[in-house]
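[1] Got a predicted structure plus its sequence, pasted below:
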Amino acid sequence: MEELNKLEEEVKAKLQDIGKMIKNELPEDFGFVLLSFHFNTEGQLMYVSNANRDDVIKAMEEFIEKTKQNYGNDTGKY
């Protein structure tokens with residue numbers, strides 16, 4: 001468990017660094033959410049965002065609806 005906590009802290013720090021880069025690259029009036037999760041492990045979702053919680057929830061609901069319709073079916077693209 002201690003090893004997992006250490007890994008989570010490392011990932012959180014990296015996500016924050018990546019989030020700063022994303023924020024600097026986007027126009028001022030754009031929001032973002034960066035999700036990260038450990039494959040095959042439940043309850044390991046982490047995210048960074050420059051938006052408030054309500055806006056993130058709204059964006060995620062839109063993402064879920066679009067994804068259910070097979071929008072963005074590009075697994076392994078990156």
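    Ah, there it is.
[2] can you give me the strands in the protein?
    33-36, 46-49 (DSSP state E).
[3] Single out the most deeply packed of those strands.
    The highest mean neighbour count among the strands of the chain, using mean count of other C-beta atoms under 10 Å, belongs to strand 46-49: a mean of 16. No exception for glycine: its C-beta is placed from N, CA and C like everyone else's.
[4] strand partners of that one, parallel vs antiparallel please.
    strand 33-36 (antiparallel) (DSSP bridges).
[5] Now do the partner strand, average pLDDT.
    Across strand 33-36, pLDDT averages out at 95.
[6] any idea how far that strand is from the chain center?
    With C-alpha atoms, centre = their mean, to the nearest Å as the basis, strand 33-36 stands 1 Å off its chain's centre.
[7] other SSEs contacting the longest helix out of those in the chain?
    The single longest helix within the chain, with elements called by DSSP state H, is helix 2-25. Judged by 3 or more C-beta pairs under 8 Å, 6 or more residues apart in numbering; DSSP states H and E, the packing partners of helix 2-25 are strand 33-36, strand 46-49.
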